[in-house]
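Participant: Coordinates for the following, if possible.
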Amino acid sequence: MSNDIFDGQILTEKLLKLNNSQQSIESLSHWCISLRKKAKEIVETWDKLFNASQKEQRVSFLYLANDILQNSRRKGSEFVNEFWKVLPAALRHVYESGDEHGRKVVARLVDIWEERKVFGSRGQGLKDEIMGKNPFHLQAMEGVQILSRY
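Facilitator: Have a look, this model is predicted:
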């Protein structure tokens, strides 16, 4: 497991085997962090497989992202910057189309990231966007309500 070698196929295989166990999440997180210079490729692969995964596996992907974010930021901002590009859509997807457990996981992760300032000042904006407090969501909702009156 050299820090200089990144193989997308190996990451894909590891992500396909990911489960909710702490050992599974932490060992894959550690492996990814050891390759943090390839954060862009890792997060792009994460995003591709997250979107292709079954609904019940998506929470494991979110837990993995959380572990990578919290344990890599002391070493650099590579993963924070890359995950910021894909996590809002992933979180929104789980929050809007997932079950109650998925919604609770999303709410808890967003709260943790805001509290720990993982994304700096962007954390509150993320919470507002995911939890439906974004003004754009309210405008869309008002438009639907107006249309439904006719």
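Participant: can you pull the pLDDT of the closest residue to Arg116 other than its chain neighbours?
Facilitator: Leaving aside its sequence neighbours, Arg116 sits nearest to Gln70 (CB to CB, 6 or more residues apart in numbering; 7.1 Å). Glycine gets a C-beta too; all of them are placed from N, C-alpha and C. Here the pLDDT value assigned to Gln70 is 96.
Participant: swap in His137?
Facilitator: pLDDT, His137: 35.
Participant: what's around Ser29, how many residues?
Facilitator: 21 (other CB atoms under 10 Å).
Participant: in the host helix or strand of it, what counts as buried?
Facilitator: Here Ser29, judged by DSSP states H and E, is contained in helix 22-34. Using 16 or more other CB atoms under 10 Å as the burial criterion, the residues of helix 22-34 that qualify are 24-25, 28-29, 32-33.
Participant: Could you save these as CSV and add columns showing pLDDT and distance to Val43?
Facilitator: CSV is the format used below for these (pLDDT from 0 to 100; distance: CB to CB, whole Å):
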residue, pLDDT, distance to Val43
Ser24, 97, 19
Ile25, 98, 16
Leu28, 98, 13
Ser29, 98, 13
Cys32, 97, 9
Ile33, 97, 12
